[in-house]
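In: Just a sequence and a predicted model for now, questions to come.
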Amino acid sequence: MMKKIIIMVMSCNKDVFIDEEQAVRETWLKDVIDGKYENIDYMIYRGDEDLLNHKYEKDKHLLSLRCEDDYDHTFKKSYYAFYLLKKIFGEYDYVFKTNTSTYVNVPLLNQFIQELDNDDDYYSSDVYSLSNIAAPAPLDLYGRGNGLILSKKHIDTIITEGISFLYITNGPDDAYISNILNSYWIKKKENYIDHIKSFAHGWYRCIPTNHDFKHQLCTFGNTNIDWEFLRKFITVQIKIYHQDRSNEKEKHYELHKIFQENRYDKEELNRQTEFNKEYSKNYSVFIGSILGYIDFDNWKTIDKLNLYILEQNNKATDDVAYGIKNKWL
């Protein structure tokens with residue numbers, strides 16, 4: 001029996017994200033909307049402080065949550081959405097959480113999840129290890145929320161153990177999600193790094209230069225959208241960093257044209273699924289905007305005090321998370 005998957009697309013009540021919602025519906029999510037995957041359902045979710053109660057519009061697959069809709073309250077928004085999943089969809093096996101600025105390769109995602117055999121492990125598009133993010137300690141690995149594969153067991157753990165984080169107003173939800181899941185394994189006296197993994201993720205014109213950040217597979221400024229290059233990625237980031245984002249939705253259509261013109265056959269789908277499995281064993285770990293990435297095998301052996309000092313001495317002053325907002329550099 002095929003695993004049932006719920007795709008959750010986090011959005012926001014601002015024009016740029018509403019426009020991207022429409023682009024998502026017309027591109028990578030369209031086959032799901034049209035019912036071409038019997039095992040996959042979806043919802044798009046936003047916050048709305050003016051609501052008296054949470055509201056799900058079944059015809060639009062749109063969940064409006066009675067909570068703040070800003071950057072600092074994304075964990076509350078995602079928590080409520082997780083909490084309502086079973087009520088809305090009934091039983092399910094896995095959740096794929098993403099956002100409106102990520103193109104998702106649904107056929108490869110589906111195949112990859114079908115072959116997962118351990119619901120203790122969670123997967124992310126991009127794994128971070130940062131000195132200023134605690135998950136639960138500084139430098140602990142955490143998975144980016146633009147592409148998270150979470151089992152039903154993970155969702156139940158987040159709902160049960162995430163209440164203490166519910167009203168924290170400090171940054172994105174992904175660090176808190178990993179904090180909860182990592183802490184779960186630490187409390188069970190297991191090594192949490194055995195349970196966090198990554199899959200193949202790319203970027204498309206997210207920055208204006210093609211600077212090498214030492215990622216194994218792609219660069220932030222990548223302009224290559226040939227099928228031979230794109231076919232291995234489960235997700236592709238289209239977010240424009242530190243610039244006007246109003247036109248980034250057009251990149252959904254550009255990528256989708258390539259995926260429509262080059263459909264997988266069974267052999268190729270299996271080949272790229274195996275590629276992602278292999279990559280998950282030694283994926284790239286992000287250690288900062290200036291330092292870029294190191295391989296997971298290297299991260300495991302590197303002295304963490306030295307890494308902490310290295311990161312502290314190599315902060316990007318225009319990075320909101322480090323400089324402009326906190327003003328402590």
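Out: Received, thanks.
In: buried residues in stretch 134-149?
Out: 135, 138-149 (16 or more other CB atoms under 10 Å). C-beta here means a position set from N, CA and C on the backbone, and glycine is covered the same way.
In: Centre of the chain to the helix or strand containing V95, how far?
Out: According to DSSP states H and E, V95 maps onto strand 94-99. Taking CA atoms, centre = their mean, to the nearest Å, one finds strand 94-99 lying 7 Å from the centre of the chain it belongs to.
In: same for the helix or strand following it, what does it pack against?
Out: Next along the chain after strand 94-99, taking DSSP H and E as the criterion, comes strand 102-104. Counting contacts by 3 or more CB pairs under 8 Å, 6 or more residues apart in numbering; DSSP states H and E, strand 102-104 is packed against strand 235-237, helix 250-261.
In: ranges for the strands of the stretch 101-250 of the chain?
Out: Ranges of strands in the stretch 101-250 of the chain, per DSSP state E, counting those that start in this stretch, are 102-104, 122-124, 127-128, 142-143, 147-151, 196-198, 201-203, 235-237.
In: shaky segments in this structure?
Out: 317-329 (pLDDT under 70).
In: Longest strand in it, please.
Out: Looking across the chain with DSSP state E, the single longest strand is strand 40-47.
In: Check which helices and strands that one is in contact with.
Out: strand 5-10, helix 15-26, helix 30-33, strand 62-65, helix 74-89.
In: Output the last one as CSV, nothing but the C-alphas.
Out: Backbone C-alpha positions of helix 74-89 (Å, rounded to 0.1, in the frame of the first residue of the first chain) are rendered in CSV as follows:
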residue,chain,number,x,y,z
THR,A,74,5.7,30.9,12.0
PHE,A,75,6.1,28.1,14.6
LYS,A,76,2.7,28.9,16.0
LYS,A,77,1.2,28.9,12.5
SER,A,78,2.8,25.6,11.6
TYR,A,79,2.0,24.0,15.0
TYR,A,80,-1.7,24.8,14.6
ALA,A,81,-1.6,23.4,11.1
PHE,A,82,0.0,20.2,12.3
TYR,A,83,-2.6,19.9,15.1
LEU,A,84,-5.5,20.1,12.6
LEU,A,85,-4.0,17.7,10.0
LYS,A,86,-5.8,14.6,11.2
LYS,A,87,-9.1,16.4,11.7
ILE,A,88,-8.9,17.7,8.1
PHE,A,89,-7.4,14.7,6.3
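In: buried ones in that helix?
Out: Applying 16+ other CB under 10 Å to helix 74-89 flags 74-82, 84-85, 88 as buried.
In: what does the third one give?
Out: Of all the residues in helix 30-33, those buried under the rule 16+ other CB under 10 Å are V32.
In: what's next to that helix, contact-wise?
Out: 7, 25, 37, 40-42, 61, 106 (CB atoms under 8 Å, 6 or more residues apart in numbering).
In: Please write out the alpha-carbon positions of that helix in CSV.
Out: Extracted as CSV, the C-alpha positions of helix 30-33 are listed here (Å, rounded to 0.1, in the frame of the first residue of the first chain):
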residue,chain,number,x,y,z
LYS,A,30,-1.3,21.1,-10.4
ASP,A,31,-1.1,17.3,-10.8
VAL,A,32,-1.9,16.9,-7.1
ILE,A,33,-4.9,19.3,-7.4
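In: for V285, helix, strand, or coil?
Out: Three-state assignment for V285 (DSSP: H, G, I helix; E, B strand; the rest coil): strand.
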